[in-house]
Structures are given as structure tokens and as C-alpha cells.
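K.L.:
Structure, please.
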Amino acid sequence: MDYTELLIFVFLGSGLTPCSHALLRQYHFVNLPMNWSDAQHYCRVKHTDLATFESSDDFSGLNRPLVDTSWLWIGLYDDPKSWKGIMGNDANSWRWSTTGKTSETDYSNWAPGQPDNQGGNQSCVSMKADGMWNDEICPCKLYFICYMDSSPPGTKAYTLVYQGQTWEGAQAHCRAHFTDLAMITNAQEDAAVAAVKSINHVWIGLYRVPWMWSDKSSSSLRNWANDQPNNYVGNQYCVVESPDHSWSDESCDSKYSFWCQGALKVKFTVVRIKIETAADLSDPATNTQILQQLGARSKALLPEVNLRWMIQPRKQINELKKPLEEDVLCN
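P.N.:
Residues are numbered from 1 along each chain as shown. I've put the predicted structure just below:
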């Protein structure tokens, strides 16, 4: 009786597909309509994550069926739990201009119903006439409040600047002539800014960078369609991609097919089987025949299973006390 160790690999799934270019991501079209969260979960289980795009060159890797003209989920989203009425710590949360970070005290003074990102592009903050905060479109021109660090350390002196500026223009002016746009970390500072601004509607130093990628990528690529994003009806916080690669915001509860990125994940589990035969298992023809028979039986139960083996070093016959137990990897 001739015994040879065989290591049989069982792959479940379509297998690993090599990237055609080292700098391009690998994308997979999934024709299973789901809401955005379910699509994200599917991609994280089966691949890596929902699709991220670093540049327009990545679009060349999107191979959808020619007959498909639908919008598809991608990995860009704007989680309202990170910014709606709170000072969160996610990539799309509110930040102070002078530090680029959220307030350590978590202090805020939002007006009722604010922030609401009306129209899908309100990512800068003003103080209204009543002293409460409101999110605004950043190109809007308003007077603004700058601050200067003063003594004792940690105290701030606030100044109203009577110039109509966009938020970025106000930030540049404050950084050139003071410390920065007004930073407010407690109720006392909030009252001081309100007293300086009088009845004026003014910029303060709070802002955010909306939208973040599911895989935490820092990609700044945005490819919005005309008039997008618009946060229609105030609940569009996830992004879909059109056949021409333009993007639109959409309700995350809507159901679309989607793009995943990354190679298909293949998992292995080790089990033990016994093979006892007088055949020469080192013969390639015999190996092929046995593998075909095992494969035919496995595919009857699991159609996506693929098998292969690797011949292990031959054992001496006098070392074998019992039929060989084979290592088999399967999902």
C-alpha cells in the first residue's frame, strides 16, 4: 500500500483576482438592492468595504453590465449622528478653526432645529442676532468675530470686524490680524461674543468638512452631479453613483445595488479525512482524477467550492501505523 501526504485546499467564493494595476483599486458590481448600511455590511464581509475613489482614474475599474443604468451606492456618507446638534469626534464632525479639533468641553449653543444642513451645503457656523448658533453656506458674506489670546493664558479677547466676508475670507483676516475666528468653549465665552457682536449676524470659527468614506480613507475626491448634494427633504446622507460617474446624495434607507472594493475574501477551515489507496499518489494523473472526483462531490453541495492540493514529503512505510489522515482546508 502506497501512502502519500496530500494537502487539499478548498476555496469558497470566486477566488482572488489580482489587481491589473498596482495604483488602481479593485471594484466589484453587486446587483443586490439593499439600503446603504446593509450594502456596507455585505462589502465588509465579502470584500473590503464599499467603494472609495482616490481619483477619476479609479472610475476605469468600474465595470457594470451594459444594460444597467441605475444609481449605485458608494462608500461616501455624512453621518448626522456625528454633527447634528453635537460636537462629535468623527471626520465630519464640527471643528474649531484655531485647532482643527472639536471642543474639549463639548460646549455648543445651537438654535432650535439647528444645524440642519439645509440644501446640503451648510458647513460653516454663524451666531444669530439672538446669540444662538446656526449652520450656513460658507460663501455667504457676513461680519465676523475674531479673537486674540490674552492674559491670563486661556482667556480670549473678542473683536467684531465690520467687513462682509465669506467664512474662509473671515478666517484669513482673523489669522492675519488676530489669533483666529472666535473659538467658544463655555457659556461665559459665548456671552462675551454675543456682547461684542451686538445685533449683528456674524461668523464664528466653527466649521466642518462634510462627507467621509466608509473605509476611513482621507480621499478628498468629490464628483457631484449638477445641483448636488441638496439634502432633499433633509434626510439624504448617503451617496450614489450614476453610469456617467457623477454623484448624488440619497436617503440611506433607499435600496440600490452597489460597488464593493477589494479582493473577494476567502476563508479556510481545517478538517481531517482519510485516504487509503494502492495507487501512486505522486502520479499527476492520479492526483487529477482524485481531485476531480472530490470536486464533483463537493460542488453538488456547495457550487462555489474549488479544490486543489499540494503534495507533502513522502513518509516511510514503516512509519505508518494507520491510514493517513489528510489535512483539508474548506470554508
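K.L.:
contacts and neighbour counts: CA atoms only from here.
P.N.:
Noted.
K.L.:
For stretch 191-205, give me every contacting residue.
P.N.:
Stretch 191-205 is contacted from outside by 96-98, 125-131, 142-146, 158-160, 167, 170-171, 180-183, using Cα atoms under 8 Å, 6 or more residues apart in numbering.
K.L.:
Where do the helices of this protein begin and end?
P.N.:
36-46, 167-177, 187-197, 284-301 (DSSP state H).
K.L.:
my read: Met183 touches Leu206, true?
P.N.:
Yes - assessed by Cα atoms under 8 Å, Met183 is found in contact with Leu206 at 7.4 Å.
K.L.:
Identify the contacts common to those two.
P.N.:
Trp96, Ser97.
K.L.:
for the protein, what are the low-confidence residue spans?
P.N.:
1-24, 151, 263-282, 284, 287, 291, 294-295, 297-331 (pLDDT under 70).
K.L.:
tell me the centre residue of it?
P.N.:
The chain has Ser214 as the residue nearest its centroid, 1.1 Å off, counting by Cα atoms, centre = their mean.
K.L.:
Could you give the number of residues near the nearest residue to that residue once chain neighbours are set aside?
P.N.:
Using Cα to Cα, 6 or more residues apart in numbering and skipping the chain neighbours, the partner closest in space to Ser214 is Gly75 (5.0 Å). By other Cα atoms under 10 Å, the residues close to Gly75 number 29.
K.L.:
ok, Gly75 - contacts?
P.N.:
Taking Cα under 8 Å, 6+ apart, one finds Gln40, Asp49, Leu50, Ala51, Thr52, Trp213, Ser214, Asp215, Val239 in contact with Gly75.
K.L.:
Which PyMOL command selects the buried ones in the contacts of stretch 191-205?
P.N.:
The buried residues among the contacts of stretch 191-205 can be selected in PyMOL (16 or more other Cα atoms under 10 Å) with this line:
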select buried, resi 96+97+98+125+126+127+128+131+142+143+144+145+146+158+159+160+167+170+171+180+181+182+183
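K.L.:
Just the ones in strands from the contacts of stretch 191-205, please.
P.N.:
96, 125-127, 142-146, 158-160, 180-181 (DSSP state E).
K.L.:
coming back round to it: do you know which of the helices of the chain lies nearest Pro65?
P.N.:
Across the helices of the chain, Pro65 has its closest neighbour in helix 36-46 (18.7 Å, Cα to Cα).
K.L.:
contacting residues around the closest one?
P.N.:
So helix 36-46 is contacted by 49-50, 73, 75, 214, 238, 252-258, 260-261, 264-265 (Cα under 8 Å, 6+ apart).
K.L.:
List buried residues within those.
P.N.:
Neighbour-count burial (16+ other Cα under 10 Å) is assigned, among the contacts of helix 36-46, to 49-50, 73, 75, 214, 238, 252, 255-258, 260-261, 264-265.
K.L.:
Thanks a lot, catch you later.
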